[in-house]
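A.B. asks: Everything below, folded, please.
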Amino acid sequence: MNKKLIMLAVSLACQIGLIGVAGATTLAEAVNQTVRSNPDILIDANRRLSIDHAVKQAEGGYYPKIDFNLGYGNEWSKNITTRPRPGHDDTLIRRESGLTLSQLIYDGSATTSEVERQQARLSSASRKVMGTSEQIGLKAVEAYLNVLRRSELLKLAQANLEVHEKTFTQIKIRSEGGIGRKADLDQAQARLSLSQANVAAAEANLRESNIAYNRVVGVMPDTLVKPDVANAPASVDEALGTSLESNPILRSAMADIEAAQAQNRAAESLLKPRLHLELGTSFNNDLDGVNYKNNDAYAMLRMRYNLFNGGSDVAKISETTVQIQEATEVFHRTQRQVEESLRLSWNSMVTAQDRLPKLKATAEAAARTRDGYAQQFNLGQRTLLDLLDSENELYIGRSNYLDAQYIDLFSRYRLMADMGKLLDTLGVAPRDESKEVAAK
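C.D. replies: A predicted model of the protein is given here:
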């Protein structure tokens, strides 16, 4: 019977454990939540959707324009029609109606250039959505890891406090019994107070991490799971090559150059003629003093060519030429910023990897020292204060090693974001607005 109860208890414990794991929030889930709800990303997503309509506006130039007009009012006429009746000027009720269809045939590639400009803007905005998703996603990763790191640091601080409380009690008993010195009790009290302050600070840091997580992800953290270490490229040059090819912010700046070039071509079209095909018909009554119908229909090729516009068109071309140079330099600046960020991420990762074995060895040595002091204390060769010293060294060593682990972990994800591969690494689907095709 007892075996059955034990097996039942184990089964329930396993089920509870599985439920807890199933209810935990993974790093990928947190980043996905961020990508779908963070206002900074949604701002860029809505800007991208607005450009969908700008593309459609530009494409409207390819299609015919149909205009319908109506007119009604009084008309006074004095012309060759009314002249045969001296002293009598006709006043008639004028009625007009007409329908005109105009189809663009040639405009110096103005419409084509405008469509290309808007499509380049669409491409830039789409890549900007992806770039913002990568950068805000990285902030979600940082917030996620900070919650985990500070949770573990709080546990270390609490464990250190428990040891100090236990040691302080022992020293207090000895002091009250006349065995220990009061100076030892005062010193133990000071260290206990410091340990309590460390716990309070760790709790405050954890609360701040929870608040930062909520700001980025949009919800307060629940149960988080420490993620796996992301694989890094073989070399910084390999990472840089991938970044220059795939970083969405850099590719967005490239699209801005294409948009400026298309705008320059549109400006150049102002110096070229316009040719339209126009079909029209009208049904009028009582026009120009003629008390009768005035109906017509026509099919015309109409060319319009501006010969002088005060130099405005030439100035527009010069303006857009300079804007191309501006967009090019923005690209160069972005390229340098991306390279700098990637190299810093790589340096952080390499430094963390170099420090990790040393800090691990330090923590392990501190643990051995603490255990050795405990044995020597039992033999009367160490004091309780010596034990507190060794506990503090162990606490500091483990804290430093823990910090280095999370620095290494975050630097790898930061490297993925610099390469434009963070969402792909986490298996998070990008937003639909990051697609470079306008919605139909």
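A.B. asks: quick one: buried residues of stretch 90-110?
C.D. replies: D90, L92, R94, R95, E96, G98, S102, L104, D107, G108, S109, A110 (16 or more other CB atoms under 10 Å). Where you see a C-beta, it was placed from the backbone N, CA and C, and this is true even at glycine.
A.B. asks: Please apply the same query to stretch 261-276.
C.D. replies: Buried residues in stretch 261-276, counted by 16+ other CB under 10 Å: 261-270, 274-276.
A.B. asks: Quick check: strands, which of those residues are part of them?
C.D. replies: Taking DSSP state E, the ones among those that sit in strands are R274, L275, H276.
A.B. asks: Below-threshold pLDDT in this protein: ranges please.
C.D. replies: Counting by pLDDT under 70, the ranges of the chain that qualify are 1-23, 83-89, 176-182, 438-440.
A.B. asks: quick one: the helices in it?
C.D. replies: Per DSSP state H, the chain carries helices over the ranges 2-22, 27-37, 39-59, 110-176, 182-217, 236-246, 248-268, 312-378, 384-418, 422-426.
A.B. asks: before we move on, the earlier item: from the buried residues of stretch 261-276, which two are the most distant?
C.D. replies: With distance counted by CB to CB, no two of these lie farther apart than Q261 and H276, which are 26.6 Å apart.
A.B. asks: that older thread, kindly reformat the helices of the chain as JSON lines and extend each row with distance to N291.
C.D. replies: As requested, the helices of the chain are arranged in JSON lines below (distance: least, CB to CB, whole Å):
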{"stretch": "helix 2-22", "distance to N291": "89"}
{"stretch": "helix 27-37", "distance to N291": "71"}
{"stretch": "helix 39-59", "distance to N291": "45"}
{"stretch": "helix 110-176", "distance to N291": "45"}
{"stretch": "helix 182-217", "distance to N291": "78"}
{"stretch": "helix 236-246", "distance to N291": "76"}
{"stretch": "helix 248-268", "distance to N291": "50"}
{"stretch": "helix 312-378", "distance to N291": "47"}
{"stretch": "helix 384-418", "distance to N291": "80"}
{"stretch": "helix 422-426", "distance to N291": "76"}
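A.B. asks: Next, the buried residues of stretch 379-390.
C.D. replies: Along stretch 379-390, these residues count as buried under the neighbour rule (16+ other CB under 10 Å): R382, T383, L384, L385, D386, L387, L388, D389, S390.
A.B. asks: Can you lay out those residues as CSV showing distance to V115?
C.D. replies: Converted to CSV, the buried residues of stretch 379-390 look like this (distance: CB to CB, whole Å):
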residue, distance to V115
R382, 83
T383, 84
L384, 82
L385, 80
D386, 80
L387, 78
L388, 75
D389, 75
S390, 74
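A.B. asks: Go through these and say which is closest to H164.
C.D. replies: Of all these, the one sitting nearest H164 is L388; the distance, using CB to CB, is 6.5 Å.
A.B. asks: List the residues that contact the closest one.
C.D. replies: With contact set as CB atoms under 8 Å, 6 or more residues apart in numbering, L388 has these partners: V163, H164, T167, A188, R191.
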